[in-house]
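Visitor: Below: sequence and its predicted model.
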Protein chains: 2
Amino acid sequence: MGRAIIAGAGALPGLLLQAGPAHIVRLAGVESDPQDAPDILARFERFGVLFADLRAAGVEELAFAGALSRPAFDPSLMDPETMALMPRVAGAMAQGDDALLRVIATIFEEQGFRVVGALDLRPDLAAAGSISGEASEAQTRDAARARAVLDALGPLDVGQGAVAAKGQVIGIETLQGTDAMLRFVGMSLPGSGGVLVKRPKPGQDLRMDTPVIGPATVMKAAEAGLSGIEIAAETVLILDRGAVETACEASGIALWAAP
Amino acid sequence: MGRAIIAGAGALPGLLLQAGPAHIVRLAGVESDPQDAPDILARFERFGVLFADLRAAGVEELAFAGALSRPAFDPSLMDPETMALMPRVAGAMAQGDDALLRVIATIFEEQGFRVVGALDLRPDLAAAGSISGEASEAQTRDAARARAVLDALGPLDVGQGAVAAKGQVIGIETLQGTDAMLRFVGMSLPGSGGVLVKRPKPGQDLRMDTPVIGPATVMKAAEAGLSGIEIAAETVLILDRGAVETACEASGIALWAAP
């Protein structure tokens, strides 16, 4: 069974490649690291060409991995298949990232490809319980507060992260992403000792936008003056667990996975 | 009937003074502008002294005006009345600002004072409909998106403001306040053309924490690259409407009040 990984930025495409051989699909305008795998070059404007290239390579299963930015789109390059898909894609884009990704998954499934998630290929990268250190009672309370914010915002497709400190909400992730939120928290309330909670949005298609943390997340949380990170158990993937644990120990960040 | 205004920072205490003569209560550690009114000096540690001073001044009605920060609290200064109130105050503080303010209002009411809001004294400072310019269809849609976020977060006592641009949520107010959120939006997504929505939290005691905007809010929204501001009609108070309209015209910000 042939597999292809639609590769975005970060370490995730390489980690999925370790689950078995696969083609790497590189989209023009999307940053992706070189990987030791056969390349399929693609464009957002040419879905028809991509479908044909995937079939020619014997691909039956597709995994999306890493952040797919929204690159510049050149309408003059569109092939007929893409033109036919445009109304659905444009309509979904207006509704937000979740809707867009769900439509993209459906489009590939209609073409006969099986769409799997990073979690399906690498369940070993998820975790449960303590990962580094132990959460204090105050940290557990702050995590519950941040989780309540994410739960409330869930249906609105806003973000996957929030920060609380001493019972107060001090950061809520928006379009700009987790890193931008952490910089805001660090600048506006240095040394807060808060807890970052990172969870998928309820109802999001986990296959298409798997939440991940890595050593850089831990370092940025530490720089922002946080004391802990809670991730969703069995769901958020840890990129490079050894380096994550080292970063936690070096910075005094407690890291745990909660149901 | 004697009235006192518990004065925090900003222009609101002075505007309430225009509604009729009142004593100005200045709390140690809380910033407040000088006003042409008799002063009552008070401390958070000495509720008992404040109750007595208010009665001695013939005060029957109290209005809270302007931001009350949480100043340093020196337990060694506490009078017996404050000690007796501490369990209730501390319990409420742990639950957030809304709960704390509600308990403080109740405490003064139990002492026989009538607690009124800025909106009760100056309903003329609220507005409905267009205030400056006209909201475009896109701005109206962005405002609806930001409002949905505030509605969802309402029960959680988080913030009174959110920003959306091109259908995406790009700022959600947290403990750090509206100005910090606007700085974040301007730094992370300059020139977004987004819309700031400012509304009270559903269920908050409007008497105790009246949402306000002023010329500075408009200037900060403009500096953050926004194109519009929507406030809650008949609820959010406009400090210095003439200067607000001038700032809107100078910066091209549309300002309107929605139900």
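Guide: Okay, I see it.
Visitor: residues from the stretch 1-150 of chain A in reach of chain B?
Guide: A:94-96, A:148-149 (Cβ under 8 Å from any Cβ of the partner chain). C-betas here are computed from N, CA, C, even on glycine.
Visitor: out of the residues you listed, who's nearest residue B:48?
Guide: residue A:148 (36.6 Å; Cβ to Cβ).
Visitor: what's that closest one sitting at in phi/psi?
Guide: Phi and psi for residue A:148, reported as degrees, to the nearest 10, are phi -60, psi -40.
Visitor: Correct me if wrong: it contacts residue B:153.
Guide: No - if you go by Cβ atoms under 8 Å, residue A:148 and residue B:153 don't touch, sitting 9.4 Å apart.
Visitor: hmm, back to that, among the residues of the stretch 1-150 of chain A next to chain B, which ones are in helices?
Guide: A:94-95, A:148-149 (DSSP state H).
Visitor: who wins for neighbours among those residues?
Guide: Among these, the one with the most neighbours (other Cβ atoms under 10 Å in any protein chain shown) is residue A:149, at 26 neighbours.
Visitor: just checking, that one touches residue B:156?
Guide: Yes - here residue A:149 reaches residue B:156: they are 6.0 Å apart, a contact under Cβ under 8 Å.
Visitor: Next, show the common contact partners of the two.
Guide: Common contacts of residue A:149 and residue B:156 (Cβ atoms under 8 Å, 6 or more residues apart in numbering or on different chains): residue A:169.
Visitor: Widest-spaced pair of the residues of the stretch 1-150 of chain A next to chain B?
Guide: The largest separation in those, counting by Cβ to Cβ, is between A:94 and A:148 at 28.6 Å.
Visitor: Please, where are all the helices along the stretch 51-200 of chain A?
Guide: All helices of the stretch 51-200 of chain A, identified by DSSP state H, counting those that start in this stretch, fall at A:80-95, A:97-110, A:118-121, A:137-153, A:178-188.
Visitor: Nearest to residue A:51, out of those helices?
Guide: Between these, helix A:80-95 lies closest to residue A:51; by Cβ to Cβ that is 6.7 Å.
Visitor: Could you tell me which residues of the stretch 151-259 of chain A lie near chain B?
Guide: A:152-153, A:155-156, A:158-159, A:167-172, A:174-176, A:180, A:184, A:188-189.
Visitor: how about a cut-off of 6 Å?
Guide: Residues of the stretch 151-259 of chain A lying close to chain B by Cβ under 6 Å from any Cβ of the partner chain are A:152-153, A:156, A:158, A:167-172, A:174-176, A:180, A:184, A:188.
Visitor: Pull the CA coordinates from the worst-scoring helix or strand of chain A on mean pLDDT and hand them back as PDB.
Guide: When the helices and strands of chain A are scored by mean pLDDT, DSSP states H and E, helix A:80-95 comes last with a mean of 87. Only the C-alpha atoms of helix A:80-95 are listed here, as PDB (Å, rounded to 0.1, in the frame of the first residue of the first chain):
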ATOM      1  CA  PRO A  80      -9.900  22.400 -14.400                       C
ATOM      2  CA  GLU A  81     -10.200  20.100 -11.300                       C
ATOM      3  CA  THR A  82      -9.100  22.900  -9.000                       C
ATOM      4  CA  MET A  83     -11.600  25.300 -10.700                       C
ATOM      5  CA  ALA A  84     -14.400  22.900 -10.100                       C
ATOM      6  CA  LEU A  85     -13.400  22.600  -6.400                       C
ATOM      7  CA  MET A  86     -13.100  26.400  -5.800                       C
ATOM      8  CA  PRO A  87     -16.600  27.100  -4.700                       C
ATOM      9  CA  ARG A  88     -16.300  24.500  -1.900                       C
ATOM     10  CA  VAL A  89     -12.800  25.500  -0.900                       C
ATOM     11  CA  ALA A  90     -13.600  29.300  -0.900                       C
ATOM     12  CA  GLY A  91     -16.800  28.700   1.100                       C
ATOM     13  CA  ALA A  92     -14.900  26.600   3.700                       C
ATOM     14  CA  MET A  93     -12.100  29.200   3.900                       C
ATOM     15  CA  ALA A  94     -14.600  31.800   5.000                       C
ATOM     16  CA  GLN A  95     -15.700  29.600   7.800                       C
END
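Visitor: Near residue A:175, how many other residues are there?
Guide: When counting by other Cβ under 10 Å, one arrives at 21 neighbours for residue A:175.
Visitor: Just list the residues touching it, thanks.
Guide: Counting by Cβ atoms under 6 Å, 6 or more residues apart in numbering or on different chains, residue A:175 makes contact with B:168, B:170.
Visitor: Could you do residue A:227 as well?
Guide: So residue A:227 contacts residue A:193 (Cβ under 6 Å, 6+ apart).
Visitor: distance of it from chain B?
Guide: From residue A:227 over to chain B the distance is 16 Å, taken as Cβ to the nearest Cβ, to the nearest Å.
Visitor: now do residue A:256
Guide: Distance of residue A:256 to chain B, given as Cβ to the nearest Cβ: 22 Å.
Visitor: neighbours of that residue, just the number please.
Guide: If you count neighbours by other Cβ under 10 Å, residue A:256 ends up with 22.
Visitor: isn't there a strand covering it?
Guide: Yes - per DSSP: H, G, I helix; E, B strand; the rest coil, residue A:256 lies within a strand segment.
Visitor: and stretch A:212-224, how far from the chain's centre?
Guide: Offset of stretch A:212-224 from its chain centre (Cα atoms, centre = their mean, to the nearest Å): 14 Å.
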